[in-house]
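Enquirer: Sharing a sequence plus its predicted fold:
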Amino acid sequence: MKTEITRRDFVGGVLLASGAALLDGLTPLEMMAQKDEFTGYGGVGEYARSNGNTWAVLQAGHRIRDRVYEALPKDVTETGEMYDCVVVGGGISGIAAALLFQRQTGGKKKCLVLENHPIFGGEAKQNEFEVDGKRLVAHQGSAIYQLQKPASFLAQFYDSIGLKTPKLTYQKWAGPQPEMKLSQTPYDAAGMEVGQYGYWFGPKFGQKTGMWVMDPVRRKLDGAPIPAAARAEWVRFLTGAEVNGKPFEHPKVEGDAISRYLDSITMEQHFVERFGLSRETVRTYLSPVEGGGSGLGPDALSGYADYAFEMLEPVPDENGAMSQMFPGGNTTIARLMVKSLIPGAMNGEAGVDGVTRNTVRFESLDVAGGAARVRLESTVVAVQHEGAAEKSESVSIVYEKGGKLYRVRARSVVMAGGSWTSKHIVKDLPEAQKAAYAQFYRSPCMMANVAVRNWRFLHKMGMSGCRWFGGQVGDYFEVRKLAVVGGVEPTIGPDSPVVLTVKCLYPYPGLPTEAQGNRGRVEMLSTSYALYEQRIRQQFADMFANARFDANRDIAGIILNRWGHAYLSPQPGFFFGKDGREAPREVLRKAPFGRIAFANTDLAGAMDHRYSILEAKRAVKQVAGMG
């Protein structure tokens, strides 16, 4: 693309409505959509039409938000279908719910999954590039999984869907150069302590062209253009030096005294108490990365948010690594589940290599008479009991597909989509559940996958990954060695084409949690693809100029995956309640509402596919016996 920003890009990027909501008239988002300045390049393969929330998906969601379906028209098409269970949402939680429902009912009852995207998986989807004759794969959202205790439900579930060897084999080093240690995921920061990581400080730190601090932990940030007091605090955090002189006692079980205390304060306050940091240091140098698992910076999140993941009790592999990752992230797990649910829906054999190499038979996902069916590009707009919830024998489900409205009926429903739509879709939702959902705050994320023809420029600088401060977009990336499945090259070296994943969060430290999410969403959705592309190219050019990086030569493609409600961002009190009130998540988890149960990972308060599966298990148990 051209190096200058055009007036069109400027309008698409900065003509925002003041405040949180976009108002009447032609919004920047609508202006971009007219010329498809929103979606941009989608890559190749089965996921090329489904990179993040596409314009069509976004439009449908905004119609739900704006209560377009508050009063349904009379011309809703009756399909005449009655299911034992309808699952709303075809992400990890929704597919798991359908699979567990089939297993719990012996495969004798009928289940339908309604999914609004062109392909199943939710955020567990991938991008595919063709670079110089080689196929490259990267994740769109849901990325890693962890080894579980062999006797645990999760370990047995993995085994049941064909993930029988959860410890993966990864690429080996290739080339004449000495081996450089590489991560297994884009989030490991492997090398922060062994000289293979760098921090870049941009112009806002008084550096006209930016400057690098290499090996920042071992060098204790020597030379970083920051005040001495901030450097001392930051080093204390990076090295884990706690101010009280004794190790922090982690929560042992969910709901113990430690976890409840952590949930009563912000993560920022926890860092102040544990590491003796100032709030300015937390907000300037740790935000948003240290709160990135929940989508915002530490100032907006419950102190327990980072520890909720520990309650799943992952186990390390023989090398001490906690995290495993397929080339396309948890796309593989979603595909394994669909293959288990509807064996004919994917070509080839079952198992990891089979679902990775082979293609989806879309026509087999939704076959009349099938015990389990998955209906794509079908946005559910209304779910309501037929009669009083406590006496009703069925539930009406209305969905939009191809611009038309259709109705199916079910004896039970699992709401496996996100809280931001579920609270609008269930039309007879009681006040208690409405009040609980009003305390679920979601924040956006954009995953920008940047395919480069090689990563010699990084190797030349002695880096496998980096983080930047004061840049135009995102915060960090890492080169990762891929799991060798589905035709992945068995080796990697500086001359290998790779995908660098830039995770872009939108924190506004100091604002309330909900306000940060709203403001970030407006920013992300109102910026054109072209402007984001220009920013990424310029960011890379600025940082790697000394390594002779050339964006036009070295970047082979950029795919943006915009997730408007990517993360549940739990505020203090979300997990265990506040001021004597019940935790909002428990209001929705403890019992179904009539014939409707609620799943999705946001009910756990931690964005992890394992919680998606566990919440599905609970919800299915609540509805499986409904006749």
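Expert: Arrived safely.
Enquirer: Figure out the length between the terminal residues of stretch 121-141.
Expert: 10 Å (Cα to Cα, to the nearest Å).
Enquirer: Against Leu429, how distant is Ala436?
Expert: Distance, Ala436 to Leu429, using Cβ to Cβ, to the nearest Å: 10 Å. From N, CA and C alone the C-beta is placed, and that goes for glycine too.
Enquirer: of the two, who's got more company?
Expert: Ala436 (24 against 21; other Cβ atoms under 10 Å).
Enquirer: tell me the phi and psi of the more buried one?
Expert: According to degrees, to the nearest 10, the main-chain angles of Ala436 amount to phi -70, psi -50.
Enquirer: Contacts only, for it.
Expert: Counting by Cβ atoms under 8 Å, 6 or more residues apart in numbering, Ala436 touches Pro584, Arg585, Val587, Leu588.
Enquirer: Repeat that for Asp36.
Expert: Trp55.
Enquirer: Would you mind measuring from it to Thr54?
Expert: 10 Å.
Enquirer: Show me the strands in the stretch 1-150 of the chain, by range?
Expert: Secondary structure of the stretch 1-150 of the chain (DSSP state E, counting those that start in this stretch): strands at 77-83, 85-88, 111-114, 126-131, 134-139, 145-146.
Enquirer: how far out from the middle of the chain is stretch 198-206?
Expert: 28 Å (Cα atoms, centre = their mean, to the nearest Å).
Enquirer: same question but for stretch 568-584, I mixed them up
Expert: Counting by Cα atoms, centre = their mean, stretch 568-584 is centred 22 Å from the centre of its parent chain.
Enquirer: swap in stretch 159-173?
Expert: Counting by Cα atoms, centre = their mean, stretch 159-173 comes out at 22 Å from the chain centroid.
Enquirer: now do stretch 259-273
Expert: 24 Å.
Enquirer: residue ranges with poor pLDDT in this protein?
Expert: Along the chain, the parts satisfying pLDDT under 70 run over 1-35, 627.
Enquirer: Which strand in it has the most residues?
Expert: strand 555-568 (DSSP state E).
Enquirer: Tabulate the CA atom coordinates of it in PDB.
Expert: Extracted as PDB, the C-alpha positions of strand 555-568 are listed here (Å, rounded to 0.1, in the frame of the first residue of the first chain):
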ATOM      1  CA  ILE A 555       5.700  -8.400   4.700                       C
ATOM      2  CA  ALA A 556       3.700 -10.900   2.600                       C
ATOM      3  CA  GLY A 557       0.300 -10.200   4.100                       C
ATOM      4  CA  ILE A 558      -1.700  -8.900   7.000                       C
ATOM      5  CA  ILE A 559      -5.000 -10.200   8.400                       C
ATOM      6  CA  LEU A 560      -6.900  -8.400  11.000                       C
ATOM      7  CA  ASN A 561      -9.200 -10.300  13.400                       C
ATOM      8  CA  ARG A 562     -11.400  -7.800  15.200                       C
ATOM      9  CA  TRP A 563     -13.300  -9.200  18.200                       C
ATOM     10  CA  GLY A 564     -15.600  -6.500  19.600                       C
ATOM     11  CA  HIS A 565     -16.300  -8.400  22.800                       C
ATOM     12  CA  ALA A 566     -13.200 -10.700  23.000                       C
ATOM     13  CA  TYR A 567     -12.800 -10.700  26.800                       C
ATOM     14  CA  LEU A 568     -14.900 -10.800  29.900                       C
END
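Enquirer: how many degrees apart are it and strand 134-139 in direction?
Expert: Put simply, strand 555-568 runs at 20 degrees to strand 134-139, going by axes from the mean of the first three to the mean of the last three Cα atoms, to 10 degrees.
Enquirer: what packs against strand 555-568?
Expert: Counting contacts by 3 or more Cβ pairs under 8 Å, 6 or more residues apart in numbering; DSSP states H and E, strand 555-568 packs against strand 126-131, strand 442-452, helix 513-525, helix 529-543.
Enquirer: Surely Glu400 touches Arg375?
Expert: No: counting by Cβ atoms under 8 Å, Glu400 stays clear of Arg375, with 11.7 Å between them.
Enquirer: Neighbour count: these two, which is higher?
Expert: The neighbour comparison of Glu400 against Arg375 (other Cβ under 10 Å) goes to Glu400, with 21 against 17.
Enquirer: can you pull the contacts of the more buried one?
Expert: Per Cβ under 8 Å, 6+ apart, neighbours of Glu400: Ala60, Ser378, Thr379, Val381, Tyr406.
Enquirer: Once you drop chain neighbours, what's closest to the residue minimising distance to the centre of the chain?
Expert: Closest to where the C-alpha atoms of the chain average out (Cα atoms, centre = their mean) is Gly141, at 3.8 Å. Distance criterion Cβ to Cβ, 6 or more residues apart in numbering; nearest residue to Gly141, sequence neighbours excluded, is Glu123 at 2.9 Å.
Enquirer: helix, strand or coil for the residue of the chain most remote from its centre?
Expert: Ranked by distance from the centre of the chain (Cα atoms, centre = their mean), the top residue is Lys391, with 38.0 Å. Here Lys391 is coil, with the state taken from DSSP: H, G, I helix; E, B strand; the rest coil.
Enquirer: Does the residue nearest to Gly141 touch Gly91 like I think?
Expert: Yes: with contact defined as Cβ under 8 Å, Glu123 reaches Gly91; the gap is 6.6 Å.
Enquirer: quick revisit: CSV for the contacts of Ala436, including distance to Gly293, neighbour count and secondary structure?
Expert: Output for those, formatted as CSV (distance: Cβ to Cβ, whole Å; neighbours: other Cβ atoms under 10 Å; DSSP: H, G, I helix; E, B strand; the rest coil):
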residue, distance to Gly293, neighbour count, secondary structure
Pro584, 19, 26, helix
Arg585, 17, 24, helix
Val587, 24, 21, helix
Leu588, 21, 28, helix
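Enquirer: For Arg589, which non-adjacent residue is spatially closest?
Expert: The nearest residue in space to Arg589 (Cβ to Cβ, 6+ apart) is Leu603, at 5.5 Å.
Enquirer: do you know which of the strands of the stretch 1-150 of the chain lies nearest Thr501?
Expert: With distances scored as Cβ to Cβ, the stretch of the strands of the stretch 1-150 of the chain nearest to Thr501 is strand 134-139 (5.7 Å).
Enquirer: Okay, angle between that closest one and strand 442-452 too, please.
Expert: Going by the same axes, to 10 degrees, strand 134-139 makes 160 degrees with strand 442-452.
Enquirer: Buried residues, strand 134-139. List them.
Expert: Buried residues in strand 134-139, defined by neighbour count with 16 or more other Cβ atoms under 10 Å: Arg135, Leu136, Val137, Ala138, His139.
Enquirer: for stretch 256-272, same thing?
Expert: Those would be 258-259, 262-272, for stretch 256-272 by 16+ other Cβ under 10 Å.
Enquirer: can you tell me which of those lies nearest to Leu296?
Expert: Met267 (9.4 Å).
Enquirer: That closest one contacts Val289, doesn't it?
Expert: No: assessed by Cβ under 8 Å, Met267 is found out of contact with Val289, at 12.0 Å.
Enquirer: out of the buried residues of strand 134-139, who's nearest Arg553?
Expert: Using Cβ to Cβ, the buried residues of strand 134-139 come closest to Arg553 at Leu136, 17.1 Å.
Enquirer: List the contacts of the closest residue in space to the closest one that isn't next to it in sequence.
Expert: Distances taken as Cβ to Cβ, 6+ apart place Phe129 nearest to Leu136, at 4.4 Å, with adjacent residues excluded. Counting by Cβ under 8 Å, 6+ apart, Phe129 touches Gly43, Val44, Arg135, Leu136, Val137, Ala138, Asn449, Ala451, Val499, Ala556, Gly557, Ile559.
Enquirer: With distance to Gly493 added, can I get those in a markdown table?
Expert: Rendered in a markdown table, the data for the contacts of Phe129 read as follows (distance: Cβ to Cβ, whole Å):
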| residue | distance to Gly493 |
| --- | --- |
| Gly43 | 24 |
| Val44 | 24 |
| Arg135 | 18 |
| Leu136 | 15 |
| Val137 | 18 |
| Ala138 | 18 |
| Asn449 | 21 |
| Ala451 | 17 |
| Val499 | 16 |
| Ala556 | 17 |
| Gly557 | 21 |
| Ile559 | 24 |
